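S.K.: just coords:
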Ligand SMILES: [Zn+2]
């Protein structure tokens, strides 16, 4: 989990990151600085976070938990995700292979994000929890989590 106190703690937004970019080494944090920032929260507001991302699609999965939950997911890299509230406001849930981690607000029960099983280094953000996103305008990508072994 990446917990930051403010923008000063973000690596790569300072000369080191720019230097790497000039050398042609891909730097997600430099790219993230140019991306739109969306603020997210659970229902009660105890869990707050931000993502720097172009929300150009959402994923709808048919696995046993996603079809019950109905979340619209967009995956982002570690450097595009910032947790703005204390980690202890979150509970976790693991099932089956226990590779995915679902994070819930302990107060209101909303899942604002998760670590997906097929890419546990990414954050799978529940786009329904983000402010200022037109949910009806985003292309939907259907994924078949139910077919994972
Ligand atoms: Zn909450």
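M.R.: Perfect, I can see it now. Because the structure is predicted, anything quoted here is derived from the model rather than measured.

S.K.: mind listing what residue 72 touches?
M.R.: By CB atoms under 8 Å, 6 or more residues apart in numbering, the contact set of residue 72 is 58, 59, 60, 126, 127, 128, 135, 138, 140. Where you see a C-beta, it was placed from the backbone N, CA and C, and this is true even at glycine.

S.K.: Could you pull up phi and psi at the closest residue to it other than its chain neighbours?
M.R.: Nearest non-adjacent residue to residue 72, counting by CB to CB, 6 or more residues apart in numbering: residue 58, 3.9 Å away. For residue 58, the backbone dihedrals are phi -130, psi 150 (criterion: degrees, to the nearest 10).

S.K.: With residue 66 instead?
M.R.: Torsion angles, degrees, to the nearest 10, at residue 66: phi -70, psi -40.

S.K.: Over to the one 4 residues further on?
M.R.: Its backbone dihedrals place residue 70 at phi 80, psi 20, with angles given as degrees, to the nearest 10.

S.K.: Got the confidence number for it?
M.R.: Residue 70 carries a pLDDT score of 91 in this model.

S.K.: This protein: strands as residue ranges?
M.R.: 37-41, 48-52, 58-61, 73-76, 81-83, 90-93, 101-105, 113-115, 123-126, 140-143 (DSSP state E).

S.K.: Tell me which of these is the most buried.
M.R.: Across the strands of the chain, the average number of neighbours (mean count of other CB atoms under 10 Å) peaks for strand 123-126, which reaches a mean of 26.

S.K.: Quick one: mean pLDDT for stretch 124-135?
M.R.: Summarised as a single mean, pLDDT over stretch 124-135 is 96.

S.K.: so how far is it from its chain's centroid?
M.R.: Taking CA atoms, centre = their mean, to the nearest Å, one finds the center of stretch 124-135 at 10 Å from the center of the full chain.

S.K.: Then stretch 68-79?
M.R.: With CA atoms, centre = their mean, you get 5 Å for stretch 68-79.

S.K.: try stretch 95-109
M.R.: Taking mean C-alpha positions (CA atoms, centre = their mean), stretch 95-109 and its chain are 14 Å apart.

S.K.: measure it end to end?
M.R.: 17 Å (CA to CA, to the nearest Å).
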